[in-house]
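Peer 1: What follows is a predicted protein model with its sequence.
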Amino acid sequence: MTTFRLPIFLPTVLNLRVNVTMVILAMGALGLPAKHALSQTGQAEAKVDSPPAFSLHDGQHDFDFNIGVWHTHICRILDPLSGSTHSIELNGTVTVRKVWGGRAQLEEIEADGPKGHWEGLTLFLYNPQSRQWSQSFIDSKIAELGSPLIGSFQDGRGELFAQDTFHGKSVLIRGVWSNIVPDSHHFEESLSNDGGKTWAPAFIGELTRETQPATTAPGSNTTTEEGQHDFDFDFGTWKTHSSRLLHPLTGSQTWADMDGITVVKKVWDGRANSAEYKADGPAGHVELMALRWFNPTTHEWNLDFATPQVGTLGIPGVGVFKNGRADFYDYEPINGRSVLVRFSIWSITANTAQSEQAFSADGGKTWEVNWINKYNRIGEE
């Protein structure tokens, strides 16, 4: 189970917004922005520093218990820091699968309660350097990426933490995974407004493994919003040729090529998808994962990504499809300077596509393309 920090029933309960300014080694793939990788040459697979003398626990498999299909009973306390016990209860199904060779997990949640049907999506990512997990959650209706919970497991108990706001005030958030046995486990999320001295439960989930297969695919939804299938052309396996400008915004014209494979899979019945990319070239070996999800309110798509070296998502780009082409924009530090980033992707034919990335250091007046990706379909998902 996962955090439900963006409730659709009470959207003002936790007003969580992403605020991430991290440096991530990355490069472009089908819908995966290159961004910070462009300053790297031959360092896409950075060496992990030696662990300290006390030797941290290698937690890459700590969430393996979570794989599978689960029945969940949820209790949500509506105003946990007030002392009130007023709550609502929901029942539903949680489906969790490994992605990215086991370095990540995708969780799809469906539940029903007194306010109707609710869906959520969680990406779990492992950071091999800190040996911690991050847990990033997206609500299907609000479609905003919350601040990730980050933490680790010890003695069969996982504790992950975040800082955010509740009713306009700063709070700490703690997610605890406990009572873990093969066919059940417990998840509880709590808030603290006194620096962690006391914790008030806000969400409690009891999960038991399903013995019968689900009758419908996770994320199945009969409601169709304009734009939610704009990425359908992307599903499948693609041979990918990438060309990148090694030193963008310097006047350099030195480019490097890489060749690899991109695999794009449907999530949430097409309202989201994941892309996994592997490539090799003179600059080294690169692996990436992207998560793209649709906002049914704004009819925009969000695009975010991660690398094996950093177990959290970055700053999401936001954009829309027009005439078969999507342009995603965000503003973030690149090599110590804040610049506009534009990532574009479009279908050429049923079996070919292209994407490119560009930076602007003058507020969008001019753009320098620094990454070009060409795709040829080689298989069907």
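Peer 2: Structure's in. What do you need?
Peer 1: C-alpha only now, for contacts and for neighbours.
Peer 2: Fine.
Peer 1: ok, now which ones touch Ile378?
Peer 2: Thr237, Trp238, Lys239 (C-alpha atoms under 8 Å, 6 or more residues apart in numbering).
Peer 1: State the distance from the second one to Lys115.
Peer 2: As defined by C-alpha to C-alpha, to the nearest Å, Trp238 lies at a distance of 42 Å from Lys115.
Peer 1: higher neighbour count, the two?
Peer 2: Trp238 (24 against 12; other C-alpha atoms under 10 Å).
Peer 1: Specify the beta-bridge partners of that one.
Peer 2: For Trp238, the beta-bridge partners under DSSP bridges are Thr262, Arg377.
Peer 1: pLDDT value on it, please?
Peer 2: On pLDDT, Trp238 comes in at 97.
Peer 1: Could you do the one 10 residues further on as well?
Peer 2: Confidence per residue is given as pLDDT, and for Pro248 that number is 95.
Peer 1: Just the buried positions in stretch 312-329, please.
Peer 2: 312-321, 325-329 (16 or more other C-alpha atoms under 10 Å).
Peer 1: Straight-line length of that stretch, end to end?
Peer 2: 20 Å.
Peer 1: How far does it sit from its chain's centre?
Peer 2: What separates the centre of stretch 312-329 from the centre of its chain is 14 Å, taken as C-alpha atoms, centre = their mean, to the nearest Å.
Peer 1: just the strands in the stretch 51-200 of the chain please.
Peer 2: Using DSSP state E, counting those that start in this stretch, the strands of the stretch 51-200 of the chain run over 68-77, 87-99, 104-113, 116-127, 132-139, 149-154, 157-166, 169-181, 184-192, 200-209.
Peer 1: Point out the most buried one among those strands.
Peer 2: strand 132-139 (a mean of 24; mean count of other C-alpha atoms under 10 Å).
Peer 1: Hey, what's the angle from that one to strand 157-166? Just curious.
Peer 2: Strand 132-139 and strand 157-166 are oriented at 50 degrees to each other (axes from the mean of the first three to the mean of the last three C-alpha atoms, to 10 degrees).
Peer 1: Around Ser140, count how many other residues there are.
Peer 2: 24.
Peer 1: is it true that Phe124 touches Glu108?
Peer 2: No - using C-alpha atoms under 8 Å, Phe124 is not in contact with Glu108; the gap is 11.5 Å.
Peer 1: list residues touching both of those two?
Peer 2: Common neighbours of Phe124 and Glu108 (C-alpha under 8 Å, 6+ apart) do not exist.
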